[in-house]
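**Q** Okay, here's the prediction I keep looking at, along with the sequence it came from:
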Amino acid sequence: MSVHDEPAAPRGVAMPELLIGLGMLAAAGAVLWQTLAIPVSPLYSKVGPTVFPYITTGGMLVLALLLIKAAVQGGWQPDDEKETPTDWKSMGFVAAGLVANMLLIGSLGFTAASVIMFVLVCYGFGSRHPLRDLGMGLVLSLAAYFGFAKALGVNIGAGFFEDFANGAIATVASWFGA
Amino acid sequence: MDTLAQLAHGFSVAFSPVNLLWCLLGTTLGTAIGVLPGLGPALTIALLLPITYQVAPEASFILFAGIYYGAMYGGSTTSILLNTPGESATIVTALEGNKMARSGRGGAALATSAIGSFVAGTIGTLGVAFLAPVVVKFALSFGPAEYFSLMVLAFITVSAVLGSSAVRGLSSLFVGFVIGMIGVDLQTGQPRFTFGLTELLDGVDVIIAAVGLFAVGETLYVASRRYAGKDEIVPLKGSLYMTAQEWARSWKAWIRGAFIGFPIGAMPAGGAEIPTFLSYAVEKKLSKHKEEFGTVGAIEGVAGPEAANNASAAGVLVPMLTLGLPTSATAAIMLSAFQSYGINPGPLLFTTQGNLVWGLIASLFIANVILVILNLPLIGLWVKLLKIPAPQLYAGILVFSTVGTYGISQSPIDLVVLYLLGAVGFLMRRFDFPTAPVIIGMILGPLAEAQFRRAMTISNGDWTVFFTHPLSLTLLILAFLGLLGPHIWGYIERRRLKGQEAVPGDA
């Protein structure tokens, strides 16, 4: 529970951790760049909008250097985490599902995009019944659309599935309403 | 006796049929998401934040508090039967609880954790009711300098003192600061960190940050770790009725756990990890059945930490309600729900929003009663939830995440930010960075900045204001000690050991 940043014996440079440290350094650079871009009114010289960004930049810089130092001294990952290989294929399918959702949600609507994402993510996690997943994804997405989104009062737009479902509901309602 | 009168009034708010229904809904939902791996109270409350535009504040906070408490109960079920702690707070419960389940005493483990959660949750909620007004009196004398220093102390404790590494915890916190600063600076109207994108002028919604880190990041992480092997569900065996001996061994552990958990949770440090580990150590030391620890599972080792966990969860509400100081990701998201109503938690909350605060506290007592019923007689129902296969569970989480984020403004940019934060969340999980400080930094960072600027304006730009106010100075010294104390201590220890012999790998 206490602070254990440095392993006792140097174990050589840990590449993944070094990349994380360098990433943090790059992020600090980006924050500095954006801080310099903040226009400061000369009337507001005391504690303007840039004071905290500068403090943040400084803090990130120090932390990035400490992370790099820890990485050069052998990294901080426990051995069992290091030894488990990353399942890139599985992650790839999940990422593909997310990207598909992002690209298609505007044109196809929430339900269709979500079903595609659902099937891809299930496949990534090892399910080998895409048709069954498609059915489950459709039911779940429509439930999310009509239950969750409507209950929360958020508007997530409508595609052809939602129009179809809304139309069906309106038709059924008109049978009873008329 | 003022507190009792206020509390009685609170019960009249909480016992209205509508609010009872919200409480029932919250506790049921909370138990469900606590049981399901991959879902937590922070993510759930974030996804439900839009409800704050629909219903009265009392209703949404009773709902959120039910989820918050329910997740603690549900999480222990998963720890005991699946040995996969859903949250860091239930790691310790899994230690002995899963051993008990494997040796056929799962029923007793679930019973002691549910009843212990009830006992400790009730003690903790009483603690909130009686301690909060005291803190309020104290906090009324706070000026901006004191608030700022208090926030600095909270930043240090939640990111550097708790958790496995100060550097990684602080890195997460600073990432949170950056996310929190994106958008228009409220005091000067200047855009910050927007990279020239108009979509970012409104800032990054806390829903997007929470969903990105906790849902998308977590899903990617679990997907990347499919080689790591599966956890098996231990079938529920053993009677839920505890024997006289099990009661005798449990009740003292519950009380001790509650009294360890509540004060630590109520400090501006927060966190449920330290009290659960502490309670575990205490129970192990005091137990007459030491041989059961780590072998067949000792009931004290479940009862104590589980009580400590729930009492500290109640304790966290004290700084959140009285000072507006969230010390966990869930509390930070609840704070943003307050902001969504235009309510500022702080000492004045107890006078200006008496109905809300006391109705909330009263509903916590009711939630505890509902939860012990939900989690004992109905336990079989929750065990079934554990059988939802991982592919459909995680795919479903992502569908609901889409509703929660895309629903904010139907902007694909939101989804881009969501997935970027998901990638960050994945890397953080993979490289052992805590995620809660990001959310805390994002919510509390802008508040700290506001207090800082207010203090500097009052002092006419004099930096020493933080050091000349005695209380502010004390808080900053505590923060400094929290940050560097362990290093200084370690240095002294090493100097002392050097004289003797160097022990390899034991720095």
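**A** Structure received.

**Q** which parts of the helix or strand harbouring A:Thr57 are buried?
**A** If you go by DSSP states H and E, A:Thr57 is part of helix A:51-72. Taking 16 or more other CB atoms under 10 Å in any protein chain shown as the neighbour-count basis, helix A:51-72 is seen to contain the buried residues A:51-53, A:56-57, A:59-61, A:63-64, A:66-68, A:70-71. Every C-beta, even on glycine, is put in place using the N, C-alpha and C of the backbone.

**Q** next one: stretch A:80-99
**A** Along stretch A:80-99, these residues count as buried under the neighbour rule (16+ other CB under 10 Å): A:Asp87, A:Ser90, A:Met91, A:Phe93, A:Val94, A:Ala95, A:Ala96, A:Gly97, A:Leu98.

**Q** That one: how far from the chain's middle?
**A** The chain centroid and the centroid of stretch A:80-99 are separated by 14 Å under CA atoms, centre = their mean, to the nearest Å.

**Q** Which residues does that stretch contact?
**A** By CB atoms under 8 Å, 6 or more residues apart in numbering or on different chains, the surrounding residues in contact with stretch A:80-99 are A:116-121, A:123-126, B:216, B:219-220, B:223-228, B:394-395, B:398, B:419, B:422, B:430, B:432.

**Q** Give me the below-cutoff pLDDT ranges for the chain.
**A** Just so you know, I chose chain A. Residues of chain A meeting the criterion pLDDT under 70: A:1-11, A:41-46, A:157-158, A:177-178.

**Q** wrong one, chain B
**A** Low-confidence segments of chain B (pLDDT under 70): B:1, B:85-88, B:162, B:227-231, B:270, B:498-507.

**Q** can you give me the strands in it?
**A** Per DSSP state E, chain B has strands spanning B:183-184, B:191-192. These are given in chain order.

**Q** follow-up on the earlier one: which members of the buried residues of stretch A:80-99 are positioned in strands?
**A** Taking DSSP E, every one of the buried residues of stretch A:80-99 sits outside strands.

**Q** Mind putting those residues into CSV with distance to B:Leu4?
**A** Compiled in CSV, those are given as follows (distance: CB to CB, whole Å):
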residue, distance to B:Leu4
A:Asp87, 57
A:Ser90, 56
A:Met91, 56
A:Phe93, 58
A:Val94, 53
A:Ala95, 56
A:Ala96, 59
A:Gly97, 54
A:Leu98, 52
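
**Q** Farthest pair within the residues you listed?
**A** A:Asp87 and A:Leu98 (16.1 Å; CB to CB).

**Q** how many other residues sit next to A:Ile169?
**A** A:Ile169: 11 surrounding residues under other CB atoms under 10 Å in any protein chain shown.

**Q** circling back: going by distance to B:Thr405, which of the buried residues of stretch A:80-99 wins?
**A** For B:Thr405, the nearest member of the buried residues of stretch A:80-99 is A:Leu98. The distance, counting by CB to CB, is 11.5 Å.

**Q** right, and B:Ala166 touches B:Ala160 too?
**A** Yes - counting by CB atoms under 8 Å, a contact exists between B:Ala166 and B:Ala160, whose distance comes to 3.9 Å.

**Q** Find the nearest non-adjacent residue to the closest residue to chain A within the stretch 101-250 of chain B, please.
**A** For the stretch 101-250 of chain B and chain A, the shortest gap (CB to the nearest CB) falls at B:Asp185, measuring 4.1 Å. Nearest-residue entry for B:Asp185: A:Pro49, 4.1 Å, with adjacent residues in sequence omitted and distances by CB to CB, 6 or more residues apart in numbering or on different chains.

**Q** Report the contact partners of the one you found.
**A** Taking CB under 8 Å, 6+ apart as the criterion, A:Pro49 is in contact with A:Ile38, A:Val40, B:Asp185, B:Gln187, B:Thr188, B:Gln190, B:Arg192.

**Q** out of the residues you listed, which is most surrounded?
**A** By neighbour count, taken as other CB under 10 Å, the most surrounded of the contacts of A:Pro49 turns out to be B:Arg192 (23 neighbours).

**Q** could you measure the residue of chain A found nearest chain B against A:Val139, distance?
**A** The shortest separation between chain A and chain B is 3.1 Å, found at A:Val154 (distances taken as CB to the nearest CB). A:Val154 sits at a distance of 20 Å from A:Val139 (criterion: CB to CB, to the nearest Å).

**Q** between those two, who's got more neighbours?
**A** Of the pair A:Val154 and A:Val139, A:Val154 is the one with more neighbours under other CB under 10 Å, namely 21 against 11.

**Q** The more buried one against B:Ser409, yeah?
**A** No - counting by CB under 8 Å, no contact exists between A:Val154 and B:Ser409, whose distance comes to 9.5 Å.

**Q** ok, back up a step: ok, the residue of the stretch 101-250 of chain B closest to chain A touching B:Phe193?
**A** No - with contact defined as CB under 8 Å, B:Asp185 does not count as touching B:Phe193 (10.0 Å).

**Q** So for the chain, the centremost residue is which one?
**A** If you meant another chain, say so; for now it's chain A. In chain A, the residue lying closest to the centroid (CA atoms, centre = their mean) is A:Leu98, at 9.0 Å.

**Q** That was the other one, I meant chain B.
**A** B:Ser328 (4.0 Å).

**Q** shouldn't it be in contact with B:Ala436?
**A** Yes - distance between B:Ser328 and B:Ala436: 6.2 Å, which falls inside the contact criterion (CB under 8 Å).

**Q** and for the two, which residues touch both?
**A** By the contact definition CB under 8 Å, 6+ apart, B:Ser328 and B:Ala436 are jointly contacted by B:Ala42, B:Val158.
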